[in-house]
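Trainee: structure, please.
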Amino acid sequence: MTQSLLNKALTYYASDTPEHVEDLFSPQFVNLGKFKIRYVRKEKPMSPTLLLLNGLPQSIRMWESSLNTFSDKFDVLAFDIPGFGLSTADENDMSPSNLSEIIIKVMDHFNIKQAHLVGPDVGVPIALTAVINHAQRFLSLNIFDGPGSFPPKLSPMLMTVIKSPFIRWLAKGINKKPIMKTNFLTAVKEGYHHHKPTKRAIKEYYDIAYNQQAHKCAISFFGSYSKELPWIEQRLKDIKTPTLITWGKQDPFVLVENAYFLAENIPQSKLVVFEHASHFSSEDAGQDYVDLLTNWVDGGFNTHSGS
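Mentor: Now for the predicted structure:
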């Protein structure tokens, strides 16, 4: 049944653009303590470092269409957040506070003193926590399509998972298969307004969506929101890091109202809403997003630094 779902996705939802012979995202890993971190590194000495995280239920393949453009100008490191993508974690690791510390460990491992941090989707509360606790390590922040307050404005299904321990128990156990299917379809179809992922991305997202440990980690992460999102919300006004907030106006999962709230509460922020983009807005907005982030990291963030 699931194999037929994958075949259907490859037939109907995959991009027609020919894939490069070289796979820049062919999985490579580094061990940091208990964590096995999947990453892509494109070094460019003497250039600003762009640190890219991933969303759920995707991986850093969400940056396939933009990595080459970014790496032409910047020093780039992309890695899957533990418990998401292909990086491993235990369920008790799955909270923004715990995972934000992994960002610092990864930066230390790659000898990155400061970076421009990009946190999509589940990476939003993780990136916000990292910036709140380690402001000196980040030159700027770009967040999109994820929650930073409580209660967040989400689809009814996501709110139910966040609020109900019983629903999370069902989602990890007897009800896991329909949730896995929903996650996969979100990653390859429902999360977009018009973008189509590559076949490599679809295959990888399939493996992630149907990985039982990754599935349990994701559900456990949502369970941390009721405790950790209020802590983040209380500290938004203290953030001094220049913050670019981008969002898809058509996002049916993490509603655009979240973007307006974050922009109102983070002092040095800039908000850009992409009218025709859905949940995975960086891909849906395409070159508009790439140009915006490139200009931001290339010096645009200085106009929001307060200096």
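
Trainee: hey, where'd the helices end up in the chain?
Mentor: 2-12, 67-73, 96-109, 123-133, 156-163, 165-172, 176-185, 199-209, 212-223, 225-235, 257-265, 281-284, 287-297 (DSSP state H).

Trainee: give me the distance from the second one to the chain's centre.
Mentor: I take that to be helix 67-73. What separates the centre of helix 67-73 from the centre of its chain is 18 Å, taken as CA atoms, centre = their mean, to the nearest Å.

Trainee: what's the angle between the lowest-mean-pLDDT helix or strand in the chain and helix 176-185?
Mentor: Sorting the helices and strands of the chain by mean pLDDT, DSSP states H and E puts helix 2-12 at the bottom, at a mean of 91. Orientation check (axes from the mean of the first three to the mean of the last three CA atoms, to 10 degrees): helix 2-12 against helix 176-185 gives 10 degrees.

Trainee: go through helix 2-12 and flag the buried ones.
Mentor: 5-6, 9 (16 or more other CB atoms under 10 Å). (Each C-beta comes from the backbone N, C-alpha and C, glycine too.)

Trainee: likewise stretch 239-253?
Mentor: 239, 241-248, 250-251, 253.

Trainee: what distance do you get for residue 176 to residue 66?
Mentor: 32 Å (CB to CB, to the nearest Å).

Trainee: neighbour count winner among the two?
Mentor: residue 66 (19 against 16; other CB atoms under 10 Å).

Trainee: I'd say that one and residue 288 touch.
Mentor: No. Between residue 66 and residue 288 there is no contact under CB atoms under 8 Å: 11.3 Å.

Trainee: just to revisit the earlier point, what's the closest of the buried residues of stretch 239-253 to residue 15?
Mentor: Distances from residue 15 to these, taken as CB to CB, are shortest for residue 248 (18.4 Å).

Trainee: how deep is residue 177 tucked in, by neighbour count?
Mentor: Count around residue 177 with other CB under 10 Å applied: 12.

Trainee: do the one 4 residues further on as well
Mentor: Other residues near residue 181 come to 15 when the count uses other CB under 10 Å.

Trainee: about what we covered before: could you identify the most distant pair in the buried residues of stretch 239-253?
Mentor: 241 and 250 (27.9 Å).

Trainee: contacting residues for residue 18?
Mentor: By CB atoms under 8 Å, 6 or more residues apart in numbering, residue 18 lies in contact with nothing.

Trainee: for residue 197, see how far away it is.
Mentor: Distance from residue 18 to residue 197, by CB to CB: 14 Å.

Trainee: ok, residue 213 next?
Mentor: 23 Å.

Trainee: please identify the most buried of the helices of the chain.
Mentor: Comparing those by mean neighbour count (mean count of other CB atoms under 10 Å), helix 281-284 comes out on top with a mean of 28.

Trainee: what helices or strands is that helix leaning on?
Mentor: Packing partners of helix 281-284 (3 or more CB pairs under 8 Å, 6 or more residues apart in numbering; DSSP states H and E): strand 243-248, helix 287-297.

Trainee: between the least confident helix or strand of the chain and helix 199-209, how big is the angle?
Mentor: Computed with the same axes, to 10 degrees, the direction of helix 2-12 lies at 150 degrees from that of helix 199-209.
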